[in-house]
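> My questions are about this predicted structure, shown below with the sequence.
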Amino acid sequence: MRTAHLVSAVVAAAALVPLSAGAAFAAPPANDMPGGAISLSLGDTFKEDTTKATTGTLDAKVNRFCGAPRTNASVWFTYASSTDGSVILDTSGSDFSAGLMVFNGPPSGRTMISCGPTTLGVDASAGSTYTIMAFSDTNVKGGKLVLSLDKGPPPPRLQVTVDPTGKAFSDGTAKITGTYSCKNGDFIDIYGQLTQIWRRVKITAYFDDFLPGTCDGTVHRWALVLTSDNGLYAKGVATVDAYGTSCGLIDCTDVSRTGQEVTLYKAGAQQATAPNASGASGSA
């Protein structure tokens, strides 16, 4: 009888070992829920295995305001900003496709301020605490998450000028030119209108010249040939209202040159140019 009891005790003890080990192995990370969020500081790079992280009802609720394909294996962080300025959250070092959501305060649809894949920029304010959710945006159930938090880039620097002279072609179109330079931006958009008064008629054409990939800090030329829908441009004085916008990862910069007088000189046939926008064509 004693032997039988001993064997039963050994078997029972042996059966408990794998169950305990399995339960420990299957435990989700400490920051699986917002209450366990890990605090981040500028310059931090945090690495974590998220394969056991879960996806809860909160993830689905906030994703209605983001629209990520998936919110698998979500984990949570916080960042308490002590200064005003932009910050960059980056998950590109992870071994799975990771998305990010950022909230100003506790997570909800109302407090969400930004979301997107891989890299996200946030304009942080001193005294605010931001909640960050990192997750797998595919069917992959997490993996090696690498999340870094760094200071963001400076806002774009932008200048736009309008030349004081232009051309009035014999077909009634007009050509205006100028320069631009930008730095720290992904693109520049130059837009506005050319106006000339003829016998109390305001002849107007609108232009929009989108120029990606040229924010390299050097000065570039821009040129546009414009066609008005309500008249023909002729030799004489006209007015240009020109605006420029350049955006980087986080910030945008706007400039304006309004009321710029341009003298249109008579020219022959219009030069061949490629269409740039409705009512306008451009050449460098």
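In hand now; what should we look at? Fair warning: this is a prediction, and the values are worked out from it, not measured in the lab. Residues are numbered from 1 along each chain as shown.
> measure the residue most central in space within the chain to G99 for me?
Centroid-nearest residue in the chain, with Cα atoms, centre = their mean: L249, separated by 4.8 Å. Distance, L249 to G99, by Cβ to Cβ, to the nearest Å: 16 Å. Heads up, the C-betas are built off the backbone N, CA and C, glycines and all.
> secondary structure class for D59?
helix (DSSP: H, G, I helix; E, B strand; the rest coil).
> what are the phi and psi values for the closest residue to it other than its chain neighbours?
In space, D59 comes closest to T71 once its chain neighbours are excluded; the distance is 4.1 Å by Cβ to Cβ, 6 or more residues apart in numbering. Note on T71: its backbone torsions stand at phi -130, psi 50 [degrees, to the nearest 10].
> T71: what's it in contact with?
Taking Cβ atoms under 8 Å, 6 or more residues apart in numbering, we find T71 in contact with 55, 59-60, 63, 99, 133, 135-137.
> ok, those residues vs D163, which is closest?
G99 (46.3 Å; Cβ to Cβ).
> Show me the beta-bridge partners of the closest one.
Beta-bridge partners for G99, by DSSP bridges, are P117, F135.
> Going along the chain, name the helices of the stretch 151-284 of the chain.
Assigned by DSSP state H, counting those that start in this stretch, the stretch 151-284 of the chain shows no helices.
> which stretches of it have low pLDDT?
270-284 (pLDDT under 70).
> Equivalent analysis for the stretch 1-150 of the chain, please.
Using pLDDT under 70, the stretch 1-150 of the chain drops low at 1-25.
> do that again at 50, thanks
Where the stretch 1-150 of the chain drops to pLDDT under 50, the residues are 1-17, 19-24.
> Report the beta-bridge partner residues of T131.
T78, F103.
> hang on, isn't it packed against P106?
Yes: if you go by Cβ atoms under 8 Å, T131 and P106 touch, sitting 6.3 Å apart.
> Of those two, which one has the most company?
Shown here are T131 and P106; by other Cβ atoms under 10 Å, T131 has more neighbours (21 against 10).
> how near is that one to D254?
Applying Cβ to Cβ, the value for T131 to D254 is 31 Å.
> Without its sequence neighbours, what residue ends up closest to G109?
Closest residue to G109 apart from its sequence neighbours, by Cβ to Cβ, 6+ apart: F65 at 4.2 Å.
> Am I right that the one you found sits in a strand?
No: under three-state DSSP, F65 sits outside any strand and is assigned coil.
> which ones are touching the closest residue to A223 other than its chain neighbours?
Once flanking residues are discounted, A223 sits nearest to T177: 4.4 Å by Cβ to Cβ, 6+ apart. Applying Cβ under 8 Å, 6+ apart to T177 gives the contacts 162-163, 166, 221-224.
> From Q260, how far off is T177?
Applying Cβ to Cβ to T177 and Q260 gives a distance of 12 Å.
> Now the common contact residues for these two.
Here T177 and Q260 have V162 as joint contacts, going by Cβ under 8 Å, 6+ apart.
> which residue packs closest to P34, ignoring adjacent ones?
W76 (4.9 Å).
> Neighbours of that neighbour, how many?
24.
> Is it within a helix or a strand, and which one?
Using DSSP states H and E, W76 falls within strand 72-80.
> With only the CA atoms kept, save that strand in PDB.
Taking Å, rounded to 0.1, in the frame of the first residue of the first chain, the C-alpha atoms of strand 72-80 are listed here in PDB:
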ATOM      1  CA  ASN A  72      -2.300  41.500 -33.200                       C
ATOM      2  CA  ALA A  73       0.000  41.100 -30.200                       C
ATOM      3  CA  SER A  74      -0.400  44.700 -28.900                       C
ATOM      4  CA  VAL A  75       1.800  46.100 -26.200                       C
ATOM      5  CA  TRP A  76       1.800  49.400 -24.500                       C
ATOM      6  CA  PHE A  77       4.100  52.300 -23.600                       C
ATOM      7  CA  THR A  78       4.000  55.800 -22.200                       C
ATOM      8  CA  TYR A  79       6.000  58.900 -22.900                       C
ATOM      9  CA  ALA A  80       5.900  61.900 -20.500                       C
END
